[in-house]
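Asker: Mind folding the following:
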Amino acid sequence: MSTKSKQKRPEYTLEFKQDAAKLVNEKGYTHRQAADSLGVSLSVMGRWARAEKSPAQSTAAKKTVLNLTDQAELTRLRRENEQLRMEREILKKAAVFFAKEVE
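Answerer: Below you'll find the predicted structure:
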């Protein structure tokens, strides 16, 4: 097993991702040119560009593709939903505990 620590992936802001996608989708850069100029991988550049394409531009009409803003909101809502579920479980357990105490 290696003793080297795993290198962390850089985290990019939503605005950065959208601007990077605009280079490809609106300014006519190739994926390679945009990726090289921004210092990101070619695969992530392609993913961002596909995510920001409007449904009219998208050739894959079969799949519902979320743009980056929608993806960020979905992630936030999923996190919030999980938090609320945990809080509800705690409240249910507390209600059972206090109901037993009253008896």
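
Asker: Could you pull out the helices in the protein for me?
Answerer: 14-25, 31-38, 42-52, 68-102 (DSSP state H).

Asker: angle of the second one against helix 42-52?
Answerer: Put simply, helix 31-38 runs at 110 degrees to helix 42-52, going by axes from the mean of the first three to the mean of the last three C-alpha atoms, to 10 degrees.

Asker: Likewise for the first one?
Answerer: Inter-element angle recorded for helix 14-25 and helix 42-52: 90 degrees (by the same axes, to 10 degrees).

Asker: in stretch 11-24, what counts as buried?
Answerer: Neighbour-count burial for stretch 11-24 flags 17, 18, 20, 21, 23, 24 (criterion: 16 or more other C-beta atoms under 10 Å). All C-beta atoms are positioned from the backbone trio N, CA, C, and that covers glycine.

Asker: what's the closest of the residues you listed to residue 81?
Answerer: residue 17 (23.3 Å; C-beta to C-beta).
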